[in-house]
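> Pasting a predicted model and its sequence here:
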Amino acid sequence: MENTRRANKLLEPFDLHGLKLPNRVVMASMTRGRAANIDLAPGKIQAAYYAQRASAGLIMAEGTWVNEMSVGFINVPGLYTDKQVEGWSLVTESVHKNGGRIFAQLGHAGVLSHPDHLNGLLPVGPSAVNPKKVVFTTQGPSDSITPRELSVHEIKETVNDYKKAAANAKLAGFDGVEIHVQNPSLISQFLSDALNHRTDEYGGSIPNKARFFFEILDSVLEVWGSGKVSVKFNPYLKYQTDKDEWDDSLPTYEYLADQLNNYPLAFLQLLDYAEEGLDPKVHASRNLFGNFRKIYKGTIVANGGFTFEKANAIIEKGDADLVSFGVLYIANPDLVERIAANAPLNASQAETFYFGAEGGYLDYPTLREQSNKI
């Protein structure tokens, strides 16, 4: 009886600033690399993929490029051309026909792109600092390179590109948008002491480093208005300097969360993933969601490899209002129905997470399909 009661907590409806969610289960944004066309536009298979998952309280579409210089992975769609808007319109129409709700996620790879994606041009960032990470090129994994520093004029143009992408998301029929501030994100790179060595109004102090983000947020809110824009970040995200030093990022993200109380967001989505080599006891003791609940007073979506039991527990405790699931949604298009039935989950195929066509994308069976085969 206890397991049933707790499972039902995730299935409670939620009023997201007038957008009625039938449950508190969110499908997290996941790069799947299926826009295999010159236009980087979604099509029929993406429309089918998201429609299969329309029973989620809210779908967060995969990270989507805001301009040509933002591209950082193979076959990931954008929202900066008419053809991309047309493709996303197929997706949103399909999701809505199946009773779902869907937000676009707007992103820019910044220094973690590569000339292979940019017609030979250098990637751009807050400063000319190599992030010392592996990037994914058209030829496979490669070491990152030193980017070109954006001028103030180019920063303003990039802010406007986010605004244009937000307007395109509205044209495409999305229910809202999310600003991607996690890794890899040009915004998170501006927030980084390791990568941002600027001495102008976009560098130095925490408010200056955050200026780029808040200019983007203001511009996107101009398009969407109150309750339709969300933000996603990882408070423990760290980048490495060219001197092999690491960020102390937490104070910056605590500042962001506090300032976001002054903005009419749909929600703040927080990620809690253990960094490589982190002691599990240290990870458990830092209580990210509880600590940020004390700072941010609006709606919080928690993300971080949750089991259903832990997801229900964090909602019951009040440290989050909704929980987003990533990998579980790859293999279980009817994840909500499986939660309700306390049914077993399909196993996912890691080799098809980021590459492929319909295999490992559209062919995971639902409970109904499995029962029909018995």
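Sure thing, it's come through.
> Flag every buried residue along the helix or strand containing Ile216.
Here Ile216 sits within helix 206-224, counting by DSSP states H and E. Residues of helix 206-224 classed as buried: 206, 208-217, 219-221, 223-224 (neighbour count, 16 or more other Cβ atoms under 10 Å). Just so you know, the C-beta spots here come from the backbone N, C-alpha and C atoms, and that holds for glycine as well.
> Point out where the stretch 251-374 of the chain drops to low pLDDT.
Screening the stretch 251-374 of the chain residue by residue with the criterion pLDDT under 70, one finds the ranges 373-374.
> Sketch out the strands for it, chain order is fine.
Remark: strands of the stretch 251-374 of the chain, listed N- to C-terminal, are 267-271, 300-303, 322-325; assignment by DSSP state E, counting those that start in this stretch.
> Quick one: closest of the ones you listed to Tyr202.
strand 267-271 (22.6 Å; Cβ to Cβ).
> Tell me the strands beside the closest one, with direction?
strand 229-233 (parallel), strand 300-303 (parallel) (DSSP bridges).
> Just send those strands back as a markdown table, with distance to Val76 and mean neighbour count too.
What follows is those, written out as a markdown table (distance: least, Cβ to Cβ, whole Å; neighbours: other Cβ atoms under 10 Å):
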| stretch | distance to Val76 | mean neighbour count |
| --- | --- | --- |
| strand 229-233 | 16 | 24 |
| strand 300-303 | 19 | 24 |
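> With distance to Asn130 as added columns, please give those in a markdown table.
Formatted as a markdown table, the entries for the strands paired with strand 267-271 read as follows, by distance: least, Cβ to Cβ, whole Å:
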| stretch | distance to Asn130 |
| --- | --- |
| strand 229-233 | 23 |
| strand 300-303 | 29 |
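> Nearest to Phe14 among those strands would be which one?
Taking Cβ to Cβ as the measure, the strands paired with strand 267-271 were each checked against Phe14, and strand 300-303 came out nearest at 10.3 Å.
> Now do that closest one: distance to the chain's middle.
11 Å (Cα atoms, centre = their mean, to the nearest Å).
> Using PDB, write down the CA coordinates of the top strand by length along the chain.
For the chain, the strand with the greatest residue count under DSSP state E is strand 58-65. The C-alpha coordinates for strand 58-65 follow below in PDB (Å, rounded to 0.1, in the frame of the first residue of the first chain):
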ATOM      1  CA  LEU A  58       5.500  18.100 -19.700                       C
ATOM      2  CA  ILE A  59       8.000  17.300 -22.500                       C
ATOM      3  CA  MET A  60      11.200  19.200 -22.700                       C
ATOM      4  CA  ALA A  61      12.400  18.900 -26.300                       C
ATOM      5  CA  GLU A  62      16.100  18.200 -27.000                       C
ATOM      6  CA  GLY A  63      18.600  21.100 -26.800                       C
ATOM      7  CA  THR A  64      18.100  23.200 -30.000                       C
ATOM      8  CA  TRP A  65      20.600  25.600 -31.600                       C
END
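> Moving C-terminal from that strand, which element do we reach first?
Where DSSP H and E defines the elements, the next helix or strand beyond strand 58-65 is helix 82-97.
> could you say what helices and strands that following helix packs with?
With contacts defined as 3 or more Cβ pairs under 8 Å, 6 or more residues apart in numbering; DSSP states H and E, helix 82-97 has these neighbours: helix 44-52, strand 58-65, strand 102-107, helix 152-171.
> now with 6 Å?
With contacts defined as 3 or more Cβ pairs under 6 Å, 6 or more residues apart in numbering; DSSP states H and E, the secondary structure elements packing on helix 82-97 are helix 44-52.
> Can you list the buried residues in the helix it packs on?
Residues of helix 44-52 classed as buried under the neighbour-count rule (16+ other Cβ under 10 Å) are Ile45, Gln46, Ala47, Ala48, Tyr49, Tyr50, Ala51, Gln52.
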